[in-house]
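>>> Next input, structure requested:
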Amino acid sequence: MRKLFPLLIFLVSFQLTAQEDAWVFFKDKPSAATYLASPLTMLSQRALDRRTKQNITLDSKDVPIEATYYIQVKNATGISVLAKSKWLNALHVQGTEADIKNLTTNFSFVDKIEFANKSLNAKGKNKVKSKTVKKRSKFAKVSTTFNYGDAANQIEMLKGNHLHEQGFTGKNSHIAIIDAGFPNVNTLAAFQRLRDNNQILGGYDFVDRSDNFYSGHSHGTHVLSTIGGYIENTFVGTAPDASFYLFRTEDSSKEVPLEESLWVEAAERADSLGVDVINTSLGYTTFDNANYNHTYADMDGKTTFISRGAEIGATKGMLIVISAGNEGNDPWHYISAPADAPSVITVGAVNSTGNIAAFSSFGPTSDNRIKPEIVAKGQSASIIHYTNGVSTTSNGTSFSAPIMAGLIACLSENQTFLIKSKKQSAMNLNTLLKQSVYKSADRYNSPTDQYGYGLPNFEIALSNYVKSLSIEEDVLKKITIYPNPINTHFNLQLNTADLSNYRIQLFSVIGKKVFEKRNLTTKTIDVSALNPGIYILKIMNGTAQKTIKLVKR
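Residues are numbered from 1 along each chain as shown. All right, here's what the predicted structure looks like:
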């Protein structure tokens, strides 16, 4: 025992001094009212316009983290702040376990702490054992060969050419690509068209905290090429007229939890700039420190930090397109985070004939939701090589996702056009768009774990989208309530079972809002707390609304 005693002291000492990653969550945002009263201090006008179009109200998630909280944590003993998220009201910190835990003792505004090493969290949360996962090179599955050709197959198999023929080429869409780097995008001839037309709006390197985003791993350059690359008579991306923000959040030399936090930071930046579509061909399951690894149980869309951030991003009105992952042949063959987030569009990979690529990761999520939802070409996909700017081929859902994201951006470009040309109000635009794409897919009625709903047909999706706008408008017009006058409750009479996108508000005769209910789960509304009188009831779905006079006895 004497010989072991010094070793035990060393091990205990090491555990006490080892640096841990953790997220520190705050209880509130004391400055929320001030910021919400001045929206342009938080979001660009384009972002506000996008919210208005989709009838998404501002809330506390849009408010920056309280500056005084940030400063106090940053100055705490032994703590380094590496990233922050206003959506999750959290800081990503590093420090010893003891120093991090002291934050809850020293600062009353700290709500909770989540360690990346789940065994350190209270009550042993998420100690679920997972199958052994071999650490892999991040981009090992992205193999490149020089088979020169064009991108016709990957566009035409999705009927994306139909969108282009209708004049929808992404002209009014802003796309953010969150990836590992974008070297040579500022010099290659294949991106000259983007540069000449000022379609690269900006970007940021979150890894190095630098404005030079034309750096890092070539993966992002290849991803961008499938959407915005252009070589006359040789190669065209799926949204050649879209505009882009390029964000680097991935450090290809290592795999650490910080990358999840940097991704959320980038998504928040994209939202604030008014981005319409985010593409990310990144996913997280294993880390250099195996204590941080995610389990399949974590793939439920609400556990990992990045998936929670992605889900919030989708609620802010952005269409978020995520690669399913390239682990289909591995012992871990499941999708990765943030592909498990419920509201993102997760994309698997097929070959040129529409058959599944063996490497494409499987669903469902651990809570048994369909993921991926759709597939696109990812085996021998055409890309622009970052060294010489020529058309070549490469493998991975890293490319099926952006191919899809470009066409999603083209379809979303229809939103303003359709609203004006059909004289219709915009309602649940992103929800309707996603449903229109999914229903167009060739396996919609019989989805599988690897194909999801299958290969979309954007000619059908466009038709679905136009029809769905009309159907939803008709549903709203036909809504009635009963009884009226009322005593304590009234009932909505409408021909739909899905109430999640509806909300109601009641206003007094002088225009003061006295009642609001969102994300309805029942058609029976309890207003027993209201005083007798005359009220104006607004029933809303997206930006469309119906107004009814209501009398309470």
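>>> Quantify the burial of the closest residue to residue 47 other than its chain neighbours by counting its neighbouring residues.
Nearest non-adjacent residue to residue 47, counting by CB to CB, 6 or more residues apart in numbering: residue 274, 3.9 Å away. All C-beta spots, glycine's among them, are computed from the backbone N, C-alpha and C. Using other CB atoms under 10 Å, residue 274 is surrounded by 19 other residues.
>>> how much space between residue 274 and residue 436?
From residue 274 over to residue 436 the distance is 23 Å, taken as CB to CB, to the nearest Å.
>>> Residue 107 too?
For residue 107, the distance to residue 436 - CB to CB - is 48 Å.
>>> Same question for residue 372.
17 Å.
>>> before we move on, what about residue 412?
Using CB to CB, one gets 11 Å for the distance from residue 412 to residue 436.
>>> And the helices in the stretch 101-250 of the chain?
152-156, 160-165, 192-196, 219-228 (DSSP state H, counting those that start in this stretch).
>>> nope, the stretch 351-500 of the chain is what I was after
Remark: helices assigned in the stretch 351-500 of the chain by DSSP H, counting those that start in this stretch are 397-412, 414-422, 429-440, 458-477.
>>> mean pLDDT lowest for which of those helices?
Note on the helices of the stretch 351-500 of the chain: helix 414-422 shows the lowest mean pLDDT, a mean of 51.
>>> Kindly tell me how buried the closest residue in space to residue 40 that isn't next to it in sequence is, as a neighbour count.
Among residues not flanking residue 40 along the chain, residue 48 sits closest, at 7.3 Å (CB to CB, 6+ apart). Per other CB under 10 Å, the neighbour tally for residue 48 reads 17.
>>> tell me the phi and psi of residue 48?
Backbone torsions for residue 48, taken as degrees, to the nearest 10, come to phi -70, psi -40.
>>> Next, the contact list for residue 525, please.
The neighbours of residue 525, taking CB atoms under 8 Å, 6 or more residues apart in numbering as the test, are 489, 490, 491, 492, 504, 517.
>>> Beyond the helix or strand where it lies, next helix or strand please.
Assigned by DSSP states H and E, residue 525 belongs to strand 524-526. Next along the chain after strand 524-526, taking DSSP H and E as the criterion, comes strand 533-541.
>>> Neighbour count: residue 107 and residue 436, which is higher?
Higher neighbour count among residue 107 and residue 436: residue 436, with 22 against 15, using other CB under 10 Å.
>>> which residues sit in contact with that one?
Per CB under 8 Å, 6+ apart, neighbours of residue 436: 411, 461, 462, 464, 465, 468.
>>> do you know how far it is from residue 462?
Distance, residue 436 to residue 462, by CB to CB: 8 Å.
>>> shared neighbours of the two, which are they?
Common contact partners of residue 436 and residue 462 (CB under 8 Å, 6+ apart): residue 411.
>>> ok, now which ones touch residue 273?
Residue 273 makes contact with 44, 46, 47, 174, 176, 201, 245, according to CB under 8 Å, 6+ apart.
>>> again, only using 10 Å
Residue 273 sits next to 43, 44, 46, 47, 174, 176, 201, 202, 245 when contact means CB atoms under 10 Å, 6 or more residues apart in numbering.
>>> Report how many residues lie close to the first one.
When neighbours are counted by other CB under 10 Å, residue 43 registers 20.
>>> Offset the numbering so it begins at 841, please.
Renumbered: residue one is now 841, and that last one reads residue 883.
>>> residues touching it, list them.
Taking CB under 10 Å, 6+ apart, we find residue 883 in contact with 875, 889, 890, 891, 898, 902, 1111, 1112, 1113, 1114, 1156.
>>> swap the cut-off to 8 Å and go again
Applying CB under 8 Å, 6+ apart, the residues near residue 883 are 891, 898, 902, 1111, 1112, 1114.
>>> Residue 1155 is in contact with the fourth one, correct?
No: counting by CB atoms under 8 Å, residue 1111 sits too far from residue 1155 to count as a contact (10.1 Å).
>>> Between the two, tell me which one has more neighbours.
residue 1111 (26 against 13).
>>> For that one, give its distance to residue 925.
From residue 1111 over to residue 925 (counting by CB to CB), the distance is 12 Å.
>>> just to revisit the earlier point, deepest-packed of the helices of the stretch 941-1090 of the chain, please.
For these, the largest average neighbour count (mean count of other CB atoms under 10 Å) is found in helix 1059-1068, namely a mean of 29.
>>> hang on, the earlier thing: pick the one among the contacts of residue 1276 closest to residue 958.
When the contacts of residue 1276 are ranked by distance to residue 958 (CB to CB), residue 1251 comes first, at 39.1 Å.
>>> Isn't the closest one up against residue 1303?
No: counting by CB under 8 Å, residue 1303 is not a contact partner of residue 1251; they are 11.2 Å apart.
>>> Those two - which one has more neighbours?
residue 1251 (26 against 14).
>>> what's near enough to touch the more buried one?
1003, 1008, 1273, 1276, 1277, 1298, 1301, 1302, 1305.
>>> Nearest spatial neighbour of residue 1233, chain-adjacent residues omitted?
residue 1220 is the one closest to residue 1233 (CB to CB, 6+ apart), at 4.4 Å.
>>> What about the one you found, how many residues nearby?
19.
>>> what sits against it?
So residue 1220 contacts 987, 1191, 1192, 1233, 1234, 1235 (CB under 8 Å, 6+ apart).
>>> what about the second one, distance to residue 1035?
Looking back up the chat, that one is residue 1191. Relative to residue 1035, residue 1191 is positioned 33 Å away (CB to CB).
>>> hang on, residue 937 packs against residue 953?
No: using CB under 8 Å as the test, residue 937 is too far from residue 953 to be in contact (9.9 Å).
>>> And residue 1386, its phi and psi?
phi -130, psi 140.
>>> how much space between it and residue 1377?
According to CB to CB, residue 1386 and residue 1377 sit 9 Å apart.
>>> out of the two, which sits in the more crowded spot?
Comparing residue 1386 with residue 1377 by other CB under 10 Å, the one with more neighbours is residue 1377, at 20 against 17.
>>> All good on my end, thank you.
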